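> pasting a predicted model and its sequence here:
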Amino acid sequence: MTIVAIIPARGGSKGVPRKNSRNMNGKPLVAWSIEQALAVPEVSRVIVSTDSENIAEIARQAGAEVPGLRPAHLAQDDTPTEPVLIHAIKTWCGDDIPGLVMLLQPTSPLRLPDSIGKARNCAVTRRNPLCPSAKAMRSSGAILASRRPCTTTGTGRDGRT
């Protein structure tokens, strides 16, 4: 089965300008997600969808494919993720439609490659189309993240998720 990881990383941002290319602990933010995807042997391709030449160059240097730039109408503040994924698949996968597409948001750099592998296993073995890497957390009695159909992370002895 062909598994494609797609990382949508636009150049603009309202809150933090150029956030996807900003340095975070020694490397650009988008590079973290690329490296995590590349560390999962089952992932066949890592594609970055971007409208920015700068992010495209960072992504290529980190080992991802950037087959072209995303059209401007798919890189607006209010553009949903789904049309971006559809564009990437139709435009850059051609006739080789992937058996599984994994969405990796570049603004979630603290995931571990093992979490990506667990999400893949969840999607394949349980045939579950929604396998987010999320975990219910409580702080002062407030739920910070809801439990999902297929939780792929947990807290280990060392406190990491």
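That came through, no problem.
> in this protein, which residue is closest to the centre?
Leu104 (0.9 Å; Cα atoms, centre = their mean).
> remind me which residues of this structure are low pLDDT?
In the predicted model, the chain carries pLDDT under 70 at residues 128-130, 132-161.
> how about the strands in it?
3-8, 23-24, 27-28, 45-49, 100-103, 137-139, 142-145 (DSSP state E).
> what's in contact with the first one?
Outside of strand 3-8, the residues within contact range by Cβ atoms under 8 Å, 6 or more residues apart in numbering are 30, 33-34, 37, 40, 42-50, 59, 64, 70, 81, 84-85, 88-89, 93, 98-106, 116, 120. Quick note: C-beta positions are derived from backbone N, CA and C, even for glycine.
> partners of that strand, with directions?
Sheet pairing for strand 3-8, assigned by DSSP bridges, gives strand 45-49 (parallel), strand 100-103 (parallel).
> of all those strands, which one is nearest Leu74?
strand 45-49 (8.0 Å; Cβ to Cβ).
> which of the strands paired with strand 3-8 is buried the deepest?
Comparing the strands paired with strand 3-8 by mean neighbour count (mean count of other Cβ atoms under 10 Å), strand 45-49 comes out on top with a mean of 25.
> quick one: contacts of that one?
2-9, 30, 34, 37-38, 55-56, 59, 63-67, 70, 74, 84-85, 87-88, 92, 98.
> repeat that for stretch 26-41.
Counting by Cβ under 8 Å, 6+ apart, 5, 7, 9, 19-24, 43, 46, 48, 55, 58-59, 61-64, 102, 104-109, 111-113, 116-117, 120 sit against stretch 26-41.
> pull out the buried residues from those residues.
For these, a neighbour count by 16 or more other Cβ atoms under 10 Å gives the buried set as 5, 7, 9, 19-21, 43, 46, 48, 55, 58-59, 62, 64, 102, 104, 106, 109, 111, 116-117, 120.
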